[in-house]
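Asks: Here is the input, now give the coordinates:
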Amino acid sequence: MPHTVSLIETIAAALGLALVFGFVAVRVRLPALVGYLLAGVLLGPFTPGFVADAAIASQLAEIGVMLLMFGVGLHFSWDDLLAVRKIAVPGAVVQMIVATAMGMGVALWWGWEPGGALVFGLALSVASTVVLLRALEALGVLDSHTGKIAVGWLVVEDLAMVLVLVLLPPLAAWLGPGVGQGTTAAATATGNAPGSAAGAGPALWQALGWTLLQVGGFVALMMVVGRRLFPWMLWQVARTGSRELFTLCVVTAAVGIAFGSAALFGVSFALGAFFAGMVMRESEFSHRAAQESLPLRDAFAVLFFVSVGMLFDPAVLWERPLQVLAVVAIIIVGKTLAAAALVLAFRYPLHTALTVSASLAQIGEFSFILIGLGASLGLLPPEAASLVLAGALISMAINPLLFHAIAPLQKWLLARSALARRLEQRDDPLAELPMSTDARYLARQVVLVGYGRVGRRVAQALSANDIPFVVAEQNRELVEALRKAGMAAVFGDAADPAVLIQAHIARAAMLVVTTPAGVNVQPIIATAQALNPRIETVVRGHSADEAERIAQETGSAVFLADEALAQSMSRHVLERTEMRLAGGSAPAPLLDRGRF
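Replies: So this is what the prediction gives:
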């Protein structure tokens, strides 16, 4: 037996204390995440008792980030990322600028140097992907359009932070009066002394160009080669019939690609793992891969939160209470209001604005990396790391509570604020069919809710048989594209009666719901049946229990989400629609062709 068992001690202590404090937190109606963070504080060097190995805990947390981002990639396709680019890219950029300006302004008021204030502001501008994903998964909205906007927003933030981390060293000579010893020595060796603008300019453009080349090369390699190679590899392993080999292949792909992307292309572990999941999504075994990696993702995600807690020095709370309060206010209030205003400016619903803004009301892993780099370059004062960690710890603990407050806050705003009601009911050109819509789309048509992978297949089948249909979709960009292609489409949440009314559900022949997992379809069906009691409904199910419940409660034909879902669902919709258009009204059997 080896005498040094730091790894085992760290894992045992972290998971054990996380279990105890997580259980206590849940019993007192707090998120389990709060317990994980408190467990980390007790294991850290700033509290008495046992001190875990922080270096080992940090590396274990990195594995958790890799696996978690890999799981997100398995559910988030390249098309999904492109679909939200019109809001994710400008929204992330503007929100980062606003948050950076607020953090920089406060730091300058405290008397910090401009360079340190800029780095401090940037550290407060980027949210934690791990915290976001845990919250979206807990709410069951990770696969919804709102969830995809939030994830796409953070992917853009991560890409921006990769550029910041690469550009900060050559910019250090401009940003501060002094730099770290390592940077000074390097600058002297190359003839570029600190403060020398002549040498910093070429170095800056060279670093920027090299970073863009590396990131572009990595993305191109994954999209061109990876999306063919890795699904093929997963298929070959699945053919062996060995469950452990399949799990090993999934974990190896997640961790191996993440590490390789960082070592060869200079991108972050998280971003590399995210793209690994995206290329694995092309495999027909992507759902199984997500299920096989789920236990490891959960365990290592707990280690991430414990490692964050280990870095926190509680003394900063009573030594610098006003500064901590200012940092927390920027993260939770400033970023939230900025994000909500941006989403509303893009004419998205109030619920989407509240969800996305709550997603960004915290900071995490990139903030710690940036603060560490800024300190090594001599740009930040000693208290900067403690303030950022305090802001991260408090915002992570509060963030789940913000998500749970979304629904009651929205209800309260709509009941008491005329402005909120106007935002919810404002005139949106995409929220109603154009006056020029052909009459064939306004009666005896199919109302298709959701235009994802399954929805597209159903729409193609309807088009091929010249059956009119109207699409109801929450993705604005997608609705715009459908209308440009000459298809009838309305924007909005189909659970809202106004959206189905605009789709002329009262005169429709059939309602087809193809929304992804996590979307509650019962309100949609209930609204449709209230407006059109004779309408026939066909629903995409995601589990046997869910399918049976929906079939019993609504009388719908429910298809389970397997490989043959799109084909079988399309065939059923065609047969039933043709029968109804021909004058038939007999109800479809509910237990047929693998349905419930």
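Asks: what's the spacing between the residue nearest the centre of the chain and D158?
Replies: Centroid-nearest residue in the chain: V151, 2.4 Å away (criterion: CA atoms, centre = their mean). Using CB to CB, to the nearest Å, one obtains 10 Å as the distance from V151 to D158. (Glycine included, C-beta is placed from N, CA and C.)
Asks: Name the residues contacting each of these two.
Replies: T129 (CB atoms under 8 Å, 6 or more residues apart in numbering).
Asks: coming back round to it: was I right to think the residue nearest to the centre of the chain contacts L133?
Replies: Yes. V151 is in contact with L133 according to CB atoms under 8 Å; the separation is 7.5 Å.
Asks: on that earlier part again, buried ones in the helix or strand that contains the residue nearest to the centre of the chain?
Replies: According to DSSP states H and E, V151 maps onto helix 145-175. Residues of helix 145-175 classed as buried: 145-162, 164-173, 175 (neighbour count, 16 or more other CB atoms under 10 Å).
Asks: residue boundaries of the strands in the protein?
Replies: 446-449, 469-473, 488-491, 510-513, 536-541, 557-560 (DSSP state E).
Asks: How many residues are close by V255?
Replies: 20 (other CB atoms under 10 Å).
Asks: how about the nearest residue to it once chain neighbours are set aside, what does it touch?
Replies: Using CB to CB, 6 or more residues apart in numbering and skipping residues adjacent in sequence, the residue nearest V255 is M66, 5.5 Å away. Residues near M66 by CB under 8 Å, 6+ apart: A254, V255, A258, F269, A270, G272, A273.
Asks: give me that answer again for 7 Å
Replies: A254, V255, A258, F269, A270, A273 (CB atoms under 7 Å, 6 or more residues apart in numbering).
Asks: For G71, see how far away the first one is.
Replies: If I follow you right, that is A254. Where G71 is concerned, A254 sits at a distance of 8 Å (CB to CB).
Asks: in terms of contact, does A472 touch A498 like I think?
Replies: No. A472 lies out of contact with A498 (CB atoms under 7 Å); the separation is 10.8 Å.
Asks: more crowded one of those two?
Replies: Taking other CB under 10 Å, A472 and A498 do not tie; A472 has more neighbours (27 against 15).
Asks: now F21, nearest residue through space, not along the chain?
Replies: For F21, the spatially nearest residue (CB to CB, 6+ apart) is G35, at 3.4 Å.
Asks: For the one you found, grab the count of nearby residues.
Replies: Neighbour tally, G35, other CB under 10 Å: 27.
Asks: where do the helices sit along the stretch 51-200 of the chain?
Replies: Assigned by DSSP state H, counting those that start in this stretch, the stretch 51-200 of the chain shows helices spanning 54-75, 78-83, 85-109, 114-125, 129-139, 145-175, 181-190, 197-221.
Asks: angle of the longest one against helix 114-125?
Replies: So that's helix 145-175. Angle, helix 145-175 to helix 114-125, by axes from the mean of the first three to the mean of the last three CA atoms, to 10 degrees: 170 degrees.
Asks: and helix 145-175, how far from the chain's centre?
Replies: In terms of CA atoms, centre = their mean, to the nearest Å, the centre of helix 145-175 is set 15 Å apart from its chain centre.
Asks: Same question for the fourth one.
Replies: Going by CA atoms, centre = their mean, the spacing between the C-alpha centre of helix 114-125 and its chain's C-alpha centre is 24 Å.
Asks: still on that earlier bit, hey, least reliable of the helices of the stretch 51-200 of the chain by pLDDT?
Replies: Out of those, helix 181-190 stands lowest, with a mean of 36 (criterion: mean pLDDT).
Asks: related to what we said a few turns ago, which residues are in contact with both of A254 and G71?
Replies: Common neighbours of A254 and G71 (CB under 7 Å, 6+ apart) are S293.
Asks: residues contacting S283?
Replies: P231, L234, W235.
Asks: List just the nearest of those to S58.
Replies: Closest approach between those and S58, by CB to CB: L234, at 29.9 Å.
Asks: residues near the closest one, how many?
Replies: When neighbours are counted by other CB under 10 Å, L234 registers 22.
Asks: follow-up on the earlier one: where's the residue nearest to V255 relative to S357, distance?
Replies: 27 Å.
Asks: What sits closest to A526 if chain neighbours are left out?
Replies: Nearest one to A526, counting by CB to CB, 6+ apart, is T554 at 7.4 Å.
Asks: so what's that neighbour up against?
Replies: Q522, I525, T537.
Asks: one more time with 8 Å
Replies: Q522, I525, A526, Q529, T537, V539.
Asks: Can you tell me how far the third one is from I505?
Replies: In this case it means A526. From A526 over to I505 (counting by CB to CB), the distance is 12 Å.
Asks: So these two - more neighbours on which side?
Replies: The neighbour count for A526 versus I505, taken as other CB under 10 Å, is higher for I505 (25 against 14).
Asks: Surely the more buried one is in contact with P533?
Replies: No. I505 is beyond contact range of P533, at 11.3 Å (criterion: CB under 8 Å).
Asks: re earlier: can you tell me which of the contacts of T554 has the largest number of neighbours?
Replies: V539 (26 neighbours).
Asks: what's across from that residue in the sheet?
Replies: V513, V558 (DSSP bridges).
Asks: Would you agree it is in contact with M510?
Replies: No. If you go by CB under 8 Å, V539 and M510 don't touch, sitting 11.3 Å apart.
Asks: Let me see the ranges of the helices in the stretch 201-350 of the chain.
Replies: For the stretch 201-350 of the chain, helices defined by DSSP H, counting those that start in this stretch occupy the ranges 227-239, 243-265, 269-280, 286-310, 316-319, 321-329, 335-345, 350-359.
Asks: Mean neighbour count, the ones you listed: which tops it?
Replies: Stretch with highest mean neighbour count among the helices of the stretch 201-350 of the chain: helix 269-280 (a mean of 27; mean count of other CB atoms under 10 Å).
Asks: got the angle for that helix vs helix 243-265?
Replies: 130 degrees.
Asks: so what does helix 269-280 touch, helix or strand wise?
Replies: Under the contact definition 3 or more CB pairs under 8 Å, 6 or more residues apart in numbering; DSSP states H and E, helix 269-280 sits against helix 54-75, helix 145-175, helix 197-221, helix 227-239, helix 243-265.
Asks: All set, thanks.
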